[in-house]
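Peer 1: Sequence first, then the predicted structure:
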Amino acid sequence: MKSDQHELYEYARKRIKQKKRVYFHFVLLFLAGIFLFVSTKVFHFNENANWHIWLITAWLFLFILHFIKVFITDRFMSKNWEREQIDRLVARQQQKIDELSNQLNEEHPTINKH
């Protein structure tokens, strides 16, 4: 397998693994939420306190952060995005070097001539 194909395969495998974890996280949150609600309301376990609501809310917040990371942040900031940013910064640095070189040549035209 060529290195480009291998890199694309590895990226796809990583993305599938991330998505699989988000789906698992959602199912776990859903089941745990049902369990906490049932254990509090049906079995009257510490019924006066709303600790289960706070726990589910905190877990939901963490799930939303996980979802945003996988489906929004990582989707747009992939390897291609990294390459584009690196290429852009390298081009900017090269442009600065060229500008400085031209400025130096204009100020001291005899230095670089052989």
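Peer 2: On my side now, so go ahead.

Peer 1: and the gap between Thr57 and Glu82?
Peer 2: Counting by C-beta to C-beta, to the nearest Å, the separation of Thr57 from Glu82 is 35 Å. To be clear about C-beta, it is placed using only N, CA and C from the backbone, and glycine gets the same treatment.

Peer 1: how about Lys79, what does it touch?
Peer 2: By C-beta atoms under 8 Å, 6 or more residues apart in numbering, the contact set of Lys79 is 7, 11.

Peer 1: If you average pLDDT per helix and strand, which one of this protein comes out bottom?
Peer 2: Ranked by mean pLDDT, DSSP states H and E, the weakest helix or strand in the chain is helix 74-76, scoring a mean of 77.

Peer 1: With adjacent residues omitted, what lies nearest to the spatially most central residue of the chain?
Peer 2: Here the mean C-alpha position of the chain is nearest to the C-alpha of Asp74 (C-alpha atoms, centre = their mean), at a distance of 3.5 Å. Once flanking residues are discounted, Asp74 sits nearest to Gln18: 6.5 Å by C-beta to C-beta, 6 or more residues apart in numbering.
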